[in-house]
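Chemist: I'll drop the sequence and a predicted model, then ask my questions.
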Amino acid sequence: MNHSSAKKLSIRQLFAPALLAIAIAPLALTAQADSHGDHEGKGPDRERMEERMEERRQEIYQRAEISEEKQAELNEAHAEHREAIHALRDEHKERVAEILSEEEQEALRNAMHEAHEEYRGKHGKRGHHGDNDDIADSE
């Protein structure tokens, strides 16, 4: 192995975790967003979104020249991570239900929603593609 290919490999190895994090970050955000709703099942929109995320992840793997074997391992790790996040979210919901009555949970959800809307009103919509119009209007 010559020095150039060793350097190229080390750069690829350096950036592969960052690319993977970028690919997986939207999934973490959707898991967080999903925790704010009371729906348990997947609707057609959710399934389409997950398919798009999978396609993006595969595209990034290919750009990073990750082998198919390692792609499969990464996909398995991602699935395990997602399952763990869902289990943790369910555990948290159960714990909150032990602490708060239904009425208190509803009041908390409403207060969180109001605070979120106030924040978005002051700071514009962040993290949504094409939704940065509010930022330009407030300047």
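Modeler: Sure, I can see it. Nothing here was measured: the structure is a model prediction, and the numbers come from that model. Numbers count the residues shown, from 1 in each chain.
Chemist: Distance check, K93 against I99.
Modeler: Separation of K93 from I99 (Cβ to Cβ, to the nearest Å) stands at 11 Å. (Glycine included, C-beta is placed from N, CA and C.)
Chemist: try N75
Modeler: For N75, the distance to I99 - Cβ to Cβ - is 36 Å.
Chemist: neighbour count winner among these two?
Modeler: N75 (14 against 8; other Cβ atoms under 10 Å).
Chemist: Go through the strand or helix carrying E91 and flag the buried ones.
Modeler: Using DSSP states H and E, the element containing E91 is helix 68-99. If you call a residue buried by 16 or more other Cβ atoms under 10 Å, then helix 68-99 has these buried ones: 71, 74, 78, 82, 85.
Chemist: what do you get for stretch 47-61?
Modeler: So stretch 47-61, judged by 16+ other Cβ under 10 Å, has buried residues 53, 57, 60-61.
Chemist: now swap in stretch 108-128 and tell me
Modeler: G124.
Chemist: Could you look up the SS state of I66?
Modeler: coil (DSSP: H, G, I helix; E, B strand; the rest coil).
Chemist: how near is it to H78?
Modeler: 13 Å.
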